[in-house]
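Q: return atomic coordinates for the entry below.
(chains A and B)
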Amino acid sequence: MADIALKSSGRTALREPTAWGRLKTNNNWLSIWFMLPAAAFLILFLAYPLGLGVWLSFTDAKIGRGGEFIGIENYEWLWDDSIFWLSVFNTLLYTTVASAIKFAVGLYLALLLNENLPFKAILRAVVLIPFIVPTVLSAIAFWWIYDSQFSIVSWTLRHLGLISSNVDFLGDVWNARWSVIFANIWRGVPFVAITLLAGLQTVSPSLYEAATIDGASAWQRFRYITYPLLTPIIAVVMTFSVLFTFTDFQLIWVLTRGGPVNATQLMATLSYQRAIIAGQLGEGAAISTAMIPFLLAAILISWFGLQRRKWQQGESND
Amino acid sequence: MTDALAKRVADPRAVLSATADHSEGMSYLQTLPRRLVTLYLPLSIILLVLLFPFYWMALTSIKPDDQLLDMERVNPFWTTAPTLKHFYSLLFQTNYPLWLWNTMFVAIGATILSIIASVLAAYAIVRLRYRGAAWVGGAIFLAYLVPPSILFIPLSTVVFQYGLFDSPFALILTYPTILIPFSTWLLMGYFKTIPFELEECALIDGASRWQILMRIVLPLAIPGLISAFIFCFTLCWNEFIYALTFLSTTAHKTVPVAIVNEFVDGDIYRWGSLMAGALAGSLPLVVLYAFFVEHYVSAMTGAVKE
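A: Here you go, the predicted model:
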């Protein structure tokens, strides 16, 4: 058998592929060229800056002048900086509260939209609008709604007789925190709701029918059917939501720029103020780098969420 | 679960219109008064909160100045004398048309670059299956999770080194770092749904990989391309921190940055013009969204599908 194969290949009429011809059909060689544009962008403008950021955090670089290596001095400085710790506290508060409420309201809205409703398609399309409009532009609308003198919310509450003087939404420490958290929730709920809705629609209604016949209450149907089946998509959606809330910049910058007295200063806004406005690139980079452990934690949670999904299915999924 | 979800993503129309789902389900068991309280009431409250800022934005942009600042004599929830004065001053007394043009130019440039790079990368990862393809796919997903707010400081020095500071190309070249990971993942999902056999037939007929990509895969992946395109476009339009950091000349700014920085006269905020600017800046996206709702939803659910 092997002999025949050898002989026939020796006598073959087909011409031997040239080195170039072989290279042209070699998948590894072709792939290099296919991957090149994406790889160039991601290496030049993502991987390199990411490494450079960590390096900068160990230098005393300023705008317009490269820095010297100074070890962990920037981090030591931050360790004793009460404003930095305040920003860590604010970021964690902002992320936890906003993400938890976004999840609760988003899930509730998804369940409502999953009902049989008139004008269902239009309703669902309308819900997504806050997510489509650029954050900065909707934040400007909130800025006006939160205005200390001409706020429509204060006006309404005043005319309903609930308060006697205008609410100072962005001027008071805790008011400002709750105001920016509310604006963040407003913007994030549609994303959570629509993605969870897509997950909800994959749950077979026969499960609910069977459970109802067995006498399950609405809460039991949610707890023992909807929630377990939604877990994987909840894990992914919430990872994204937490990640983007944690690193939020634009909303805060438009509404308060971190004020009053740093009450709404997040790590991202603080690093912008230190690095770009004050020109201390090294110190700003150290604040950015300090965000990385938190982000890694979020990514790991997402990874375990995905693993769990595979495990639930008992197979790999493509 | 994921397969069903994948089907759902491949047919995004269903998420919106729910023709394929069975949501009628058991709703006949509920009486109308009960549905009013448990369904219509909370839904209308949430919708009201979600849409009120847009109503307020639109109303403010057509109110005359004196009514804006006088809430006692006239009801602030309505206006009796609508005016286009704010839009007029926006278009003819500021650089607003220029900023719109800048934003459009940057968004389209960055989107096109990213789509080209992502199509090639996604095709190579899914179909050429080179050594380490799975690993590279994972790395690209991780790149999606790197937020701009930890990159802008080192990127500003990089942009400066490359001599791109204060030019639209600083944005056109940096936005793809946000867009490529996202659209590569989206397109990988689409390419996987295209039957392998089609490509094998073409290979036997002597087509090169390039011809297969251009003539077979791309025409079949057009819905995916549209999703990726409009979603990338929206992300570019929405981007703020890079534009804020890398541009300094007023005439080069994009709409979000310009509105925040240029509409404040001393301590007086020109609320009417500010709202008109925000409204005009949102409209292109809302119009695009109205035409491609299904593609948006598919892009969004596609992003979290994997």
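Q: pLDDT at residue A:12, what is it?
A: On pLDDT, residue A:12 comes in at 48.
Q: which residues touch stretch A:151-161?
A: Applying Cβ atoms under 8 Å, 6 or more residues apart in numbering or on different chains, the contact partners of stretch A:151-161 are A:145, A:146, A:163, A:164, A:165, A:166, A:167, A:169, B:56, B:71, B:76, B:77. (Glycine included, C-beta is placed from N, CA and C.)
Q: where does chain B have low pLDDT?
A: B:1-29, B:264-269, B:302-306 (pLDDT under 70).
Q: which helix of it spans the most residues?
A: helix B:96-123 (DSSP state H).
Q: for that one, buried residues please.
A: For helix B:96-123, burial by neighbour count (16 or more other Cβ atoms under 10 Å in any protein chain shown) applies to B:96, B:99-100, B:102-104, B:106-107, B:109-111, B:113-115, B:117-123.
Q: same for chain A: which of these are within range?
A: Of the residues in these, proximity to chain A by Cβ under 8 Å from any Cβ of the partner chain holds for B:113, B:114, B:117, B:118, B:120, B:121, B:123.
Q: for the residue nearest to the first one when sequence neighbours are not counted, give me its contacts.
A: By that I understand residue B:113. Closest residue in space to residue B:113, ignoring its immediate chain neighbours: residue B:176 at 5.4 Å, by Cβ to Cβ, 6 or more residues apart in numbering or on different chains. Taking Cβ under 8 Å, 6+ apart as the criterion, residue B:176 is in contact with A:41, A:45, B:110, B:113, B:114, B:117.
Q: next, count neighbours for residue A:217.
A: Per other Cβ atoms under 10 Å in any protein chain shown, the neighbour tally for residue A:217 reads 10.
Q: likewise for the one 5 residues further on?
A: Residue A:222 has 15 neighbouring residues, counting by other Cβ under 10 Å.
Q: after the host helix or strand of residue A:103, heading C-terminal, what element do we hit next?
A: Following DSSP states H and E, one finds residue A:103 within helix A:82-113. Using DSSP H and E, the helix or strand that follows helix A:82-113 in sequence is helix A:120-127.
Q: does chain B have contacts with the following helix or strand past that next one?
A: Per DSSP H and E, the first helix or strand lying C-terminal to helix A:120-127 is helix A:129-132. Yes: on the criterion Cβ under 8 Å from any Cβ, helix A:129-132 is in touch with chain B at A:129, A:130, A:132.
Q: ok, so of the contacts of residue B:176, who is nearest residue A:299?
A: Nearest to residue A:299 among these: residue A:45, at 20.3 Å, using Cβ to Cβ.
Q: isn't that closest one up against residue B:177?
A: Yes: at 4.6 Å, residue A:45 counts as touching residue B:177 under the criterion of Cβ atoms under 8 Å.
Q: between the two, which is the more surrounded one?
A: residue B:177 (26 against 22).
Q: and the more buried one, how far from residue B:190?
A: Distance of residue B:177 to residue B:190, computed by Cβ to Cβ, to the nearest Å: 22 Å.
Q: OK, contacts around residue B:282?
A: By Cβ under 8 Å, 6+ apart, the residues touching residue B:282 are A:132, A:133, A:134, A:137, A:138.
Q: cool, residue A:260 as well?
A: Residues near residue A:260 by Cβ under 8 Å, 6+ apart: A:170, A:171, A:172, A:173, A:176.
Q: so it sits in a strand?
A: No: counting by DSSP: H, G, I helix; E, B strand; the rest coil, residue A:260 falls outside a strand, being coil.
Q: got the phi/psi numbers for the residue nearest to residue B:113?
A: Dihedral pair for residue B:176: phi -60, psi -20, per degrees, to the nearest 10.
Q: check residue A:59 too.
A: Phi and psi for residue A:59, reported as degrees, to the nearest 10, are phi -120, psi 170.
Q: list the contacts of it.
A: By Cβ under 8 Å, 6+ apart, residue A:59 lies in contact with A:66, A:67, A:68, A:69, A:70, A:282.
Q: give me the distance between it and residue A:47.
A: From residue A:59 to residue A:47 the distance is 19 Å (Cβ to Cβ).
Q: now do residue B:274
A: Residue B:274 is 39 Å from residue A:47, where distance means Cβ to Cβ.
Q: and the two? Which one has more around it.
A: A count of neighbours by other Cβ under 10 Å puts residue B:274 above the other of residue B:274 and residue A:47, at 25 against 15.
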